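# please work out how this folds:
(chains A and B)
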Number of protein chains: 2
Amino acid sequence: MDHMSTSTVDSFVPYSDEYSSNSLDLKERIYAHIRPDLKRIEEEIDRLLTTSVPLISVVGRYMLGSGGKRLRPLLMILCARLCGYRGNRDVSLAVVFEFIHAASLLHDDVVDHAEFRRNRPAANTIWGNPAVVLVGDFLYSKAILLAVDYDSIRILEVLSGATTKMSEGEVLQLVHADNLEIAEQEYLEVITRKTAVLISAACQIGAIFGAADPVREKALSEYGHNLGIAFQLVDDTLDYTGDVRELGKPVGNDIQEGKATLPLICALRNGKPSENARLREIFSADTVRVEDFAEIRDLVIRSGGIDYTLNLAGEYVHKAKQALRHFPAHPTRDILRDIADYVLYRRM
Amino acid sequence: MDHMSTSTVDSFVPYSDEYSSNSLDLKERIYAHIRPDLKRIEEEIDRLLTTSVPLISVVGRYMLGSGGKRLRPLLMILCARLCGYRGNRDVSLAVVFEFIHAASLLHDDVVDHAEFRRNRPAANTIWGNPAVVLVGDFLYSKAILLAVDYDSIRILEVLSGATTKMSEGEVLQLVHADNLEIAEQEYLEVITRKTAVLISAACQIGAIFGAADPVREKALSEYGHNLGIAFQLVDDTLDYTGDVRELGKPVGNDIQEGKATLPLICALRNGKPSENARLREIFSADTVRVEDFAEIRDLVIRSGGIDYTLNLAGEYVHKAKQALRHFPAHPTRDILRDIADYVLYRRM
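All right, here's what the predicted structure looks like:
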């Protein structure tokens, strides 16, 4: 990896958890910092989607141009920077994570028969399942090809280990489909594999690319792991409490798709027998009407399912920020801390 | 790569194309040579399909245990051996190619709504599209993970280059679906990407693993490329002339799926206007009845479409064997030559 390492920031600075912030300030501060990186990521994605097969470019651009948060590539870039990387060769490696993420969303949409994503018709409703499966395969292959270019077996080891665990997680989620009796532990296993593993790999590979020592590599891998779990926990509450316009997909999606997430698991744990019978009845129905969903949502909120899930997310955010204690004070460390905090406040 | 190289066989032996053989002898000779390798491949596939997610093992074993020819892993092993490799670390790398092949078949079956493969219901008809898409993703990820273990960027470069071209080819084939006016050149481009690229990569990676020099690496890549095209050309004739029991899937499959392959392209090129009108009518119908297919098959045979395609396959087999001239006489070279010849004679 041809980059200059400027990691002279080795002194340990104790980490304070009293850090807090207003949510809007937080968002503005993060964006002020990452705007140039976001621009580089967008340009690189566009460049890499130019292929000799137009359908790939069209479906790829639709999927990858549709307002994603670019969380994974940003984290890779920030982690590399925190470890001392100062060049611009980071961006193609960063895009690898957005390609893998997009490939998995495309295949998810086929698996879930999704109709909407990010306020627009899901790609499969426009181009059909065959094109979406195959363009997903292309994005995944292209991601590996891009990563190979970095000439690092270690990076490829972490990356392919992550995608293998991810795909096992997707199958595991499928096995648990329509299973309301999934235990909290099994649910955490599913979201670890389906979300946290790739975010963790993005952070760890940022560290490897930034030539971090093993302690810092492990710290950033843990940061990503905990952030990823928190991110998915919040996501799963938003499916009950979110705003359909901000989310870009209908709320109540998970129940429609037979996914019992932690808010619902918790409601069932705390519910009275009559309430639980009703939950089970609605959950196992073929179609969930708007009023049925409203009923479930009220039960989930009343039972403390949302609070419990958000509290747990808060604990993972805390752990994520704790992992940063291995790094000295640095503007990039602050932004990674801000991003962890923002995960709790986000509304989309 | 930890192996002993015993490549003392460096003297150039002129290659004779007068070699010919009785088809049954050919098959027996090939099997006598490869039986121990086949056994190692089968055992390794079974070992690698043991995962923590039972559905993956079940679908994977169904797909990978169902009488495949193991052509790709065998070629990788034979090419490594021809280049001097004598250890047993070749087998996991060989299985990589069977995993990628199986992943692509699983996704193909979803794309084509296939009902049968190898005399049994296609996996998607048993476990549904979601499981089949996701297990395909797993096999693909696992293949990359296995290859990473060989610690060779060069191998990963060839492998991920191949899978990227393959997935482009799959999309290209989809774009041409239901297009009877596809040109011979476009058809060859599709079969190159969808079949020849992976077979070529298996042979080239066998050479790299066997520590071949660049000339021999290129020669085996060309051997695989030409063999792969010949293999697919013969496959596309068998879809018209094959025996349903030997093929394990209905003949006439390609027309049902809207695929215009070379025998049909050729029939259209040589046909009278009235015959071509009839071809177009049947090809574009929603369902192709048995008697319609019989009519098309007769036209294809009468127009010389089968002969033309088999002749072309013969030319590619010749080119494949020519590529072996870079190697001295050696039992493994003879088997690679036998396999090339057998591609023309096979009935399944």
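# quick check on A:P121: phi, psi?
With angles defined as degrees, to the nearest 10, A:P121 sits at phi -60, psi 140.
# the residue in the stretch 201-348 of chain A positioned nearest to chain B: what's it in contact with?
Distances between the stretch 201-348 of chain A and chain B by Cβ to the nearest Cβ are smallest at A:E257, namely 10.7 Å. Every C-beta, even on glycine, is put in place using the N, C-alpha and C of the backbone. When the contact criterion is Cβ atoms under 8 Å, 6 or more residues apart in numbering or on different chains, the partners of A:E257 are A:D112, A:A177.
# any idea of the pLDDT on it?
On pLDDT, A:E257 comes in at 82.
# phi, psi for it please.
Per-residue torsions, A:E257: phi -90, psi 10 (degrees, to the nearest 10).
# relative to A:Q173, how far out is it?
To A:Q173, A:E257 is 10 Å away according to Cβ to Cβ, to the nearest Å.
# helix or strand for the closest residue to A:H176 other than its chain neighbours, which one?
Leaving out its chain neighbours, the residue that sits closest to A:H176 by Cβ to Cβ, 6 or more residues apart in numbering or on different chains is A:I182, at 5.1 Å. For A:I182, there is no host helix or strand (DSSP states H and E).
# looking at it, A:I182 is touching A:T261, isn't it?
No - the pair A:I182 / A:T261 is not scored as a contact, 9.1 Å apart, by Cβ atoms under 8 Å.
# which helices and strands sit right next to the helix or strand where A:G224 lies?
Using DSSP H and E, A:G224 maps to helix A:214-241. Secondary-structure packing of helix A:214-241 (3 or more Cβ pairs under 8 Å, 6 or more residues apart in numbering or on different chains; DSSP states H and E): helix A:71-82, helix A:184-191, helix A:197-209, helix A:253-256, helix A:262-270, helix A:290-302, helix A:305-323, helix A:331-345.
# I'd like the average pLDDT over it.
Mean predicted lDDT for helix A:214-241 stands at 96.
# go on, stretch A:50-62?
The average pLDDT for stretch A:50-62 rounds to 89.
# same check on stretch A:153-163?
The pLDDT scores in stretch A:153-163 average 98.
# now swap in stretch A:316-325 and tell me
The average of the pLDDT scores along stretch A:316-325 is 98.
# again, but for stretch A:277-287
Here the average pLDDT along stretch A:277-287 is 88.
# which positions within it qualify as buried?
Using 16 or more other Cβ atoms under 10 Å in any protein chain shown as the test for burial, stretch A:277-287 gives A:R278, A:L279, A:I282, A:F283.
# which residues of chain A score low on pLDDT?
A:1-23, A:66-67, A:244-251, A:347-348 (pLDDT under 70).
# neighbours of the residue lying closest to A:L49 once chain neighbours are set aside, how many?
Spatial nearest neighbour of A:L49, chain neighbours left out: A:G60 (4.4 Å); criterion: Cβ to Cβ, 6+ apart. Neighbour count for A:G60, taken as other Cβ atoms under 10 Å in any protein chain shown: 27.
# same question, A:G68
As a burial measure, A:G68 scores 19 neighbours (other Cβ under 10 Å).
# before we move on, what about A:L134?
29.
# what helix or strand does the residue nearest to A:L49 sit in?
helix A:54-64.
# and that helix, which residues are buried?
A:L55, A:I56, A:S57, A:V58, A:V59, A:G60, A:Y62, A:M63, A:L64.
# helix, strand, or coil at A:S52?
coil (DSSP: H, G, I helix; E, B strand; the rest coil).
# tell me the contacts of the closest residue to it other than its chain neighbours?
In space, and not counting its chain neighbours, A:S52 is closest to B:E168: 6.9 Å by Cβ to Cβ, 6+ apart. B:E168 is in contact with A:T51, A:S52, A:V53, A:I56, A:F138, B:R193, counting by Cβ under 8 Å, 6+ apart.
# can you show me the helices along the stretch 1-150 of chain A?
Along the stretch 1-150 of chain A, the stretches classed as helices by DSSP state H, counting those that start in this stretch are A:23-48, A:54-64, A:71-82, A:90-112, A:123-148.
# give the PyMOL command for selecting the buried subset of the contacts of B:E168.
In PyMOL, this line selects whichever of the contacts of B:E168 come out buried by 16+ other Cβ under 10 Å:
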select buried, (chain A and resi 53+56+138) or (chain B and resi 193)
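# tabulate the contacts of B:E168 (JSON lines), appending distance to B:D90.
Converted to JSON lines, those look like this (distance: Cβ to Cβ, whole Å):
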{"residue": "A:T51", "distance to B:D90": "33"}
{"residue": "A:S52", "distance to B:D90": "34"}
{"residue": "A:V53", "distance to B:D90": "34"}
{"residue": "A:I56", "distance to B:D90": "34"}
{"residue": "A:F138", "distance to B:D90": "29"}
{"residue": "B:R193", "distance to B:D90": "26"}
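# ok, the contacts of B:E168 vs B:A207, which is closest?
Ranked by distance to B:A207 (Cβ to Cβ), the contacts of B:E168 are led by B:R193 at 20.9 Å.
# quick one: the closest one from B:S200, how far?
Between B:R193 and B:S200 the computed distance is 11 Å (Cβ to Cβ).
# same deal with A:G314?
In this view, A:G314 and B:S200 are 53 Å apart by Cβ to Cβ.
# neighbour count for the two, which is higher?
B:S200 (25 against 16).
# near chain B, which residues of the stretch 101-250 of chain A?
Applying Cβ under 8 Å from any Cβ of the partner chain, we find that the stretch 101-250 of chain A lies next to chain B at A:104, A:107, A:110-112, A:129-131, A:133-135, A:137-138, A:140-142, A:144-145, A:148, A:151, A:153, A:156-157, A:160-161, A:163-164, A:166-168, A:170-172, A:174-175.
# return the residues in contact with A:L180.
Counting by Cβ under 8 Å, 6+ apart, A:L180 touches A:A260, A:L264, A:L268, A:L279, A:R280, A:F283, A:S284.
# same thing but at 7 Å, please
A:A260, A:L268, A:R280, A:F283 (Cβ atoms under 7 Å, 6 or more residues apart in numbering or on different chains).
# over to A:D112?
A:E257.
# cool, A:A32 as well?
If a contact means Cβ under 7 Å, 6+ apart, then A:A32 has no contacts.
# the nearest residue to A:V215 once chain neighbours are set aside: neighbour count?
Excluding the flanking residues, the one nearest A:V215 by Cβ to Cβ, 6+ apart is A:H326, at 6.0 Å. Counted with other Cβ under 10 Å, the neighbours of A:H326 add up to 19.
# you'd agree A:H326 is up against A:L220?
No - with contact defined as Cβ atoms under 7 Å, A:H326 does not count as touching A:L220 (8.5 Å).
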